[in-house]
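Student: Whatever this is, show me its structure:
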Amino acid sequence: MTSPVLVFPSRRVKTHPQSSMRVLEDLRALSDVARGWKNLRDEAEQEIRKLEAERDAILNRLRDLQRAMPTFRSDMRGLLENISEEFLDGSGYTKSFLQGHGWQFAIHRDDLSRVVGGFYKAVMSGTNFIDEYRITKNDGNSTMLVQALATPRVSAQGQLAGYDGWVWQVG
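Tutor: Okay, the predicted model is just below:
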């Protein structure tokens, strides 16, 4: 039996048959290791995709919950204490501008008397406020039609503490 000859670009090398077999076995083993690493990488990538999908579902659920959170919160006198970033983004107003009585400047002038009167009537009686009205955006030119619902917020002692309200655009 003749010894196999390995050809390298620079020279020819005679090898012993047993060492050639060991080299082939080592190459097969390396190939098996490489396949194993590829399988592990594929499994890891699949797990990453699964975790990313779960993360996206959780973020979507949080966004849904955030939308369900009150758009605004007022004290028991009807003064605005807090308003959602989503409302601020849509209207162009700042939180500091709308706080206190500032929210009234966002109500369209033709709806202002009815809306403010209705809200203060609800505050004085401790009942829900429900209405549909126009918001004048901060640019002064554009408006958006909204519906609003405000419900009494009761303190731990059972006293009226203010109102939590939701405003959503309908037109």
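Student: Confirm residue 162 sits in a strand?
Tutor: Yes. Counting by DSSP: H, G, I helix; E, B strand; the rest coil, residue 162 is part of a strand.
Student: Just give the closest residue to it, not the sequence neighbours.
Tutor: residue 75 (4.5 Å; C-beta to C-beta, 6 or more residues apart in numbering). Backbone N, C-alpha and C define where each C-beta goes, glycine included.
Student: So the one you found is in contact with residue 81, correct?
Tutor: Yes. Between residue 75 and residue 81 a contact is recorded at 5.7 Å, counting by C-beta atoms under 8 Å.
Student: Quick check: buried residues in stretch 72-89?
Tutor: 72-74, 76, 78, 80, 83-84, 87 (16 or more other C-beta atoms under 10 Å).
Student: what does the domain assignment say about the protein?
Tutor: 5-66, 70-169 (automatic domain parsing).
Student: thinking again about what came up before, residue 115: which of the buried residues of stretch 72-89 is nearest?
Tutor: residue 78 (11.3 Å; C-beta to C-beta).
Student: Need the nearest residue in space to that closest one, chain neighbours excluded.
Tutor: Counting by C-beta to C-beta, 6+ apart, the residue nearest residue 78 is residue 123, at 4.6 Å.
Student: Now do the strands in this structure.
Tutor: With DSSP state E as the criterion, the chain has strands at 5-7, 12-14, 72-75, 80-83, 129-136, 143-154, 160-169.
Student: I'd like the ones you listed as a markdown table, with mean pLDDT and distance to residue 55 appended.
Tutor: As requested, those are exported to a markdown table (pLDDT from 0 to 100; distance: least, C-beta to C-beta, whole Å):
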| stretch | mean pLDDT | distance to residue 55 |
| --- | --- | --- |
| strand 5-7 | 52 | 52 |
| strand 12-14 | 56 | 55 |
| strand 72-75 | 92 | 30 |
| strand 80-83 | 93 | 28 |
| strand 129-136 | 95 | 34 |
| strand 143-154 | 91 | 32 |
| strand 160-169 | 89 | 27 |
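Student: what two of the buried residues of stretch 72-89 have the greatest distance between them?
Tutor: 76 and 87 (21.2 Å).
Student: coming back round to it: let me know whether the residue nearest to residue 78 touches residue 77 as I believe.
Tutor: Yes. The criterion here is C-beta under 8 Å, and residue 123 meets it with residue 77 at 7.0 Å.
Student: For the chain, which segments are assigned as helices?
Tutor: 17-68, 85-91, 95-98, 109-125 (DSSP state H).
Student: just so I know, which of the ones you listed lies nearest residue 142?
Tutor: Closest approach to residue 142 among the helices of the chain (C-beta to C-beta): helix 85-91, 9.7 Å.
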